[in-house]
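In: No letters, just coordinates:
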Ligand SMILES: Cc1ncc(C[n+]2csc(CCOP(=O)(O)OP(=O)(O)O)c2C)c(N)n1
Ligand SMILES: Cc1ncc(C[n+]2csc(CCOP(=O)(O)OP(=O)(O)O)c2C)c(N)n1
Ligand code: SF4
Ligand code: SF4
Ligand code: SF4
Ligand code: SF4
């Protein structure tokens, strides 16, 4: 089995580290993994994205233009990546700040209000963990404790006190992801 | 007609400028000319040599390893160039400082005591003009007044007062060049 | 009197200079580069030399200065801006030529070009933005990084023994006869901004008078590189950089202060 | 007593040091390079460090120093000797590492390497032979060429306006905290030779004590480049170079004089 | 001495919420909005208009020149 | 104070005839030969042996170390 | 005990350098490879192995520091990206000329000029034809994974010391920035000074204790001697071609069409091979692991088997010349590659293969 | 009135630069080309034409001065020799990337490293394959006489401004140091600042009087835009191949064997052709005058006529690859060349031809 994922959003949203935790989790369960970020401090602010691949075979191209799953966290990314989800694939997005919602009907679309939940939890930093939880709910590509293991690996030891908080965030994410129905009239025309 | 000449000696002997005057002289009588020096201030002292070609046709290679005429002014140059004179060619040398005299019998060899004559004239600087005179005597490849013209061209105007002296030196050179006989016994063995 | 009554064109007392383009600056929030850009261009506007000014920005966070400064601009290789400026001021003696360089650019890879342009006394303005770090490439140590200061290539603080001391470029080049005006400024408060702008104005006026090198060092923050918010970084700058790099004129009218 | 009675091994009071090879020096008659080579190697012999000394000579007339100095030697690219020396003293902290550089090499193309090695305070000796000209390539202008001095690239004399002033490297780098000992010497008379040798000895002793940069500038003639005979060139040097480049210590034990 | 009254206009979309304009305003005219702009920054606004005297301090320290200043002499 | 007497030996083939040894010899012991060596240089020689006190001044200024010095105390 | 980690290519290379017992790293920051020096500085290799790590004032200084350390028999490493590598070329030529062992890493970005910080493979010519002056070549290793970024450090130094010649690791922003699993070798002891002297004392300038002095130079005033040096270099390069050529053949046995690609392009092209074979097109991939020496014979052989060859690189067409030289006109050889920091997708490569080779091949 | 003089190649180039109305020369001394700046300084071009001549602090500074002057539409020239050219490569790549007109002269000496100051042709790869980073090429002119050293200056600037691209004059110590008769063209007026603004104001940074501001850069953060730039460059290079290829055929009509040689080697090979024909061997000489663009078609055509091709250069074998690519395996292509500063003699070339081509060709 091979899972090809793109995670895309603003710089500050923890997109890269979320991808990193996914990759670590895959590693924890002896999968082949690759993590390919968009990079360049030369470009301040702007969008960031990362391609994560988990697979049972050797991974060929770490760089792709179509994906099994797309996790989209701002409008630019929606514009850029909605069309790159494979038919039958999954698109997860946070409606907060999204003006033009997805319109494809040949893929499974889910909404998760990560920003709201994070604010409720009183900690913006766990936003990406909430999203990750959502992903795991709809696509259990990695085992829950692989993720916890992955978290341990990717977090410097001095931050391990934050593990429970992150765990909670993941669970919250699992609870707060819901299928999104594309408006029919939109589809009909 | 094409004349291919090598002039070789010590750095200070005016070898390059002698070649330059020859080249200028050829130019004065509308010949094609080339002047190819050994170069490199990186190497202090040591020997200097220049290949001069005068021709009625376009000159191909400015760099040669056999010559019609070789003018040799120190022992190193004798060792290096005696063998590169074409059979039937001419070798002119100043015996002063020469330990091993030339031995070839298939070429015409001439001696000219340029150093002695220069000392007699009380001006070491005209040494190369004396040698040039010798060359012109045995090989009138350029007309005398072409040489004077060439001298004018190559000497900065502020030195033109030296022209008569140089002219005299050339004439002295013409008077002081003599055929050199290779010792027979040397040849026989 | 209501705000709306005040906000009328005829009452406007401050607006962005037309010598800056409408492009949003690519700098991090609160970065001194933005202020430095703006006051430099305000000076160009006030002197009315926009059509005769040629700017050179090498790589560094300000590599995109050409997108922001509304004058003819050249993007230069890392460290070489003074060489370009030399050639331009020599071939266009009546133009106003300035370089806009970071500390990594001017004091590391560009050391030779800086020293020799200054020594030849080229008739140019050098705007030297010293933020004690390599901002663009992600916060590596610069020649100007303070002792003990943490950067991505001095993660445990700059060690003088192995990494050397911060170089005081302004003091160094002030020793060269070719430099005419050398000063160190800052741009984090209105007072400093006003002073800095005066200095930059003086620099461009020196170019008009063909006085040679006018070198304006501008101490600036790098909140991203220093990993602080802009306000804290400005405080840190005052407390740590100012003592090591004292503000003020170092050389005026060719005379060392 | 007859000369032959004096010329006996037991009476010999001066001979060429064994730290120099038997190869004839490639330098022009009377060139200071020869004397500088010899006293440097005499110091190495006297300190008994010949087996722990590594020398670096970049291009310049002294590019062939490796043929003459009887220690391990490296030929370096133009201007880069201090970079090589840095790497060697870092990877072999107990060796005596010295560079032997001309003024074109050290003060022109090598400016950045010189300044930064000095600023890092590398534990090396820099022997800087300043003859005010590019000797090897045939007498072009150097950064140290005197005002009005004629060279093949300043045939009408060095013009300060367009070519800049002679750079005083020793004074410049003495401002850097990394330099421990900076001095300017000459080698054209026995008095100067003895002083210069003392300075070089002090420099190598500093290396033993891990004091950082010891920078010994040696003013020297270049009869070929200056187009004078050796005697005249030495007189010219005293009359023209000494006033501009005053002899003596500039920084001792890390203290500016 | 005639009393002057000022006002500022902040370009919300240009503002990066760096807050360097706040400390230079002796009269604490400026605060940061709770909402964010399209770039995701909390932008500055004139929270205490009456106090503004149009001194332009805030404007000249604003790296992004997001502030324009108006002044009238009463 | 004991009288010292010196002597120098010049390696003719190493000498380049630069003459820098001459002015440093207060006693004018050294002159230049009329003949030239194999390199074509007029080499230095001890023209006034009696005057040499073996001070080594000439030897240490000789760039080519063509001079070795001997000294005896009488 | 070897160890499994998730790392960026740049970090893996840095960690591998410490473990390979490298003596010194000299570098200057530039995207996309600054992680190399950043990782090293964070790891305090001085404490771990005594390895020296120094941020130089420029790339020119860095390569000359490498030249200095290499002259004394130490294992010296430097890394940079395209513009920085251009600045090092005089130094690289000196290292080659002086016959010194050293390893240079180029994590390529798009050019020319400042270009972009995004991945590129447009420095192929510079790497294999000799970007610097004079007759020299570099042994060039082209990693295609984070694992190879790590493994090639030790390999590179082995070759560098086997031949006393500079070795280039030619990577790019994609391989340098991506994270993959990497198995790290155990720590290898750094050579002691005594060991260095013992092994390399016959040429290295380590101080002339107990021997004649050593000289490191690339200058030969006598042309005959310099020509001998050049011939010696050429002999080394021929030996490299005989003994140290490296390449990988992927599904070439039954291939009717061949893709030649190295580094990041080979990773992407691998996916293309899958896609093609899913469509029933028998495509094989030849991946040169060493760019010099280049797998000429292998391509020459495969040229008898396949109908056409597509050379794929992130450039406007450079390696394609070597592929052509190797194929000797037997089959059509075409180039495909995106530039400007754009990474071609597996689909684009397949399309190019169909357009440029299969279509042409058929008529 | 044109004028006849006896000059060194380096001097002729310098004098021609003044007469061609070049605006600025920036250089750093290095043998065997220091005569260029020495001659210029002696001629006081400031007084003759207002041309600026400056001795830079290094080759790196010099090329970046050229970059600066070229950015403003001025005709800027620099010259150096092999090691110095290596140092200029970052700058050259910038000039190519920023699409600026400029002329660089390389009077080659032997390498690698410090090598020798004697003549060599071992920088061919560096010149034609792009020594610097990224996808760019140089238009390369290879003078074979003092006359061409003079003539090519104006030609080079014409091409540089026609394409807004850097042009390299690839000479060597032999052509640079030898003296020949040279016919100097009349003084051409330097463009006034107004003329420069008028002609190049659409791109040059001359001050934005009466127009939008101009920007000179090689940076494109958007990959699509950078790729468009690269494609624009490639289009220029194709146009050069179509419109500005230059070569000379010497006695090729009846040739049974072909020698390909450029610059100094072509001069020597010309003598070889004489010697060979005296011996009754029908040899022709193809002299590429531009190395890029390279006379591919001509060689391809001649490959049908001749029995074999000998590529002759003062190197270990570089141009031979382009000759092979051009001949497409039709006939054996072999290389001959001395290195290390040794200049092959006409006789040596003839011998090589007989050994490597005629002998092989017969069996
Ligand atoms: C030859 C070369 N080396 C390195 C780089 C990478 N680089 C770009 S900017 C920069 C330094 C930026 O620091 P600074 O000059 O202080 O400017 P800042 O970004 O801090 O404003 C470096 C190392 C480059 N682009 N070119
Ligand atoms: C990169 C490079 N540029 C230029 C040269 C030519 N070159 C060799 S030595 C030298 C300068 C010599 O002058 P200096 O350093 O003062 O030493 P000197 O010969 O006077 O003792 C130059 C320019 C070179 N070899 N390499
Ligand atoms: S990185 Fe630093 S210097 Fe660069 S824009 Fe951000 S704050 Fe300013
Ligand atoms: S050229 Fe000058 S520096 Fe070089 S050896 Fe001769 S005198 Fe000495
Ligand atoms: S103009 Fe002055 S008073 Fe008004 S907000 Fe700005 S700083 Fe405050
Ligand atoms: S200074 Fe400018 S950008 Fe910063 S908060 Fe104030 S208005 Fe916004």
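Out: Arrived safely, thanks for sending. Only a predicted model underlies this, so the values are computations on that prediction, with no experimental measurement involved. Ligands and ions are numbered 1, 2, ... in the order given.
In: does residue 68 belong to a helix or a strand, and which?
Out: All of this refers to chain A. If you go by DSSP states H and E, residue A:68 is part of strand A:67-72.
In: that's the wrong chain, I meant chain G
Out: Using DSSP H and E, residue G:68 falls in helix G:59-71.
In: Equivalent analysis for residue C:129, please.
Out: strand C:125-130.
In: Can you get me a residue count around residue C:257?
Out: Residue C:257 has 10 neighbouring residues, counting by other C-beta atoms under 10 Å in any protein chain shown. For the C-beta atoms, the positions are set from N, CA and C on the backbone; glycine is no exception.
In: average pLDDT across the one helix or strand residue G:258 maps to?
Out: If you go by DSSP H and E, residue G:258 is part of strand G:257-261. Averaged over strand G:257-261, pLDDT sits at 98.
In: ok, now stretch C:83-99?
Out: 98.
In: Would you mark the buried spots in it?
Out: Neighbour-count burial for stretch C:83-99, with 16 or more other C-beta atoms under 10 Å in any protein chain shown as criterion, is recorded at C:83-92, C:95-99.
In: near ligand 3, which of those residues show up?
Out: The subset of the buried residues of stretch C:83-99 within reach of ligand 3, by C-beta under 6 Å from any ligand atom, is empty.
In: between these, which is closest to residue H:19?
Out: Closest approach between those and residue H:19, by C-beta to C-beta: residue C:91, at 18.4 Å.
In: mind listing what that closest one touches?
Out: H:23, H:24, H:52, H:69, H:72, H:74, H:76 (C-beta atoms under 8 Å, 6 or more residues apart in numbering or on different chains).
In: Most neighbours out of these, which is it?
Out: residue H:76 leads the contacts of residue C:91 on contacts (other C-beta under 10 Å) with 31 neighbours.
In: For that one, give me the backbone phi and psi.
Out: Dihedral pair for residue H:76: phi -120, psi 140, per degrees, to the nearest 10.
In: With ligand 5 in mind, check whether the lowest-mean-pLDDT helix or strand in chain E reaches it.
Out: Across the helices and strands of chain E, mean pLDDT, DSSP states H and E gives its lowest value to strand E:30-36, namely a mean of 92. Yes - if you take C-beta under 6 Å from any ligand atom as the test, strand E:30-36 does meet ligand 5, through residue E:30.
In: Contacts for the top helix by length along chain C next, please.
Out: If you go by DSSP state H, chain C has its longest helix at helix C:190-208. Helix C:190-208 is contacted by residues C:35-36, C:39-40, C:42-44, C:46-47, C:49, C:96-98, C:123-125, C:127, C:180-181, C:183, C:185-187, C:212, C:214-216, C:218, C:247, C:249, E:24, E:55-58, E:60-61 when judged by C-beta under 8 Å, 6+ apart.
In: quick one, it and strand C:125-130 angle?
Out: 150 degrees (axes from the mean of the first three to the mean of the last three C-alpha atoms, to 10 degrees).
In: can you give me the strands in chain C?
Out: C:12-14, C:53-58, C:72-76, C:96-102, C:125-130, C:133-134, C:140-141, C:179-186, C:213-219, C:248-252, C:255-256 (DSSP state E).
In: is the least confident helix or strand in chain C by mean pLDDT up against chain E anywhere?
Out: Lowest by mean pLDDT, DSSP H and E among the helices and strands of chain C is helix C:3-6, with a mean of 92. Yes - judged by C-beta under 8 Å from any C-beta of the partner chain, helix C:3-6 comes into contact with chain E through C:3, C:5, C:6.
In: Lovely, talk soon.
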